[in-house]
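Visitor: Okay, here's the prediction I keep looking at, along with the sequence it came from:
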Amino acid sequence: MATVTKRDLVVQISDQTGLTQNQVFDVLQLFLDNTTSHLAHNSEVVLRNFGTFEIRVTKPKVGRNPNNPGHDVAIPARAVVKFKPGKELKEKVLQLLPEVSAFR
């Protein structure tokens, strides 16, 4: 499995659109900054056919320290970002395993 970095995306989009890499980087960075800001204000970010980013609050719980399993450790509630893929993204990813899509 290959890793795609922000730089890889900038180069690819620049090649596809004819925009300079600086222009593409600025737009991509603005997108990420705005998405982060909206999530930080507890707003959902919905990208149709791609997916939804939302904030979920986990419940506080008691955990165990693997190095010292005799002692309980309190894990406080916290806010986490969850991603729910959209229909088109799910279908594209499902194509990675042809035997799975045959049973759908």
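Guide: Yep, it's here. Nothing here was measured: the structure is a model prediction, and the numbers come from that model.

Visitor: residue ranges with poor pLDDT in this structure?
Guide: Applying pLDDT under 70 to the chain flags residues 99-104.

Visitor: do that again at 50, thanks
Guide: 101 (pLDDT under 50).

Visitor: residue ranges of the strands in it, please?
Guide: For the chain, applying DSSP state E gives strands covering 45-47, 51-58, 61-65, 68-75, 78-85.

Visitor: could you dump those strands to a markdown table with mean neighbour count and distance to V11?
Guide: No exception for glycine: its C-beta is placed from N, CA and C like everyone else's. A markdown table is the format used below for those (neighbours: other C-beta atoms under 10 Å; distance: least, C-beta to C-beta, whole Å):
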| stretch | mean neighbour count | distance to V11 |
| --- | --- | --- |
| strand 45-47 | 14 | 22 |
| strand 51-58 | 14 | 24 |
| strand 61-65 | 10 | 42 |
| strand 68-75 | 9 | 41 |
| strand 78-85 | 11 | 24 |
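
Visitor: Just send those strands back as JSON lines, with distance to L9 too.
Guide: JSON lines is the format used below for the strands of the chain (distance: least, C-beta to C-beta, whole Å):
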{"stretch": "strand 45-47", "distance to L9": "15"}
{"stretch": "strand 51-58", "distance to L9": "16"}
{"stretch": "strand 61-65", "distance to L9": "36"}
{"stretch": "strand 68-75", "distance to L9": "35"}
{"stretch": "strand 78-85", "distance to L9": "17"}
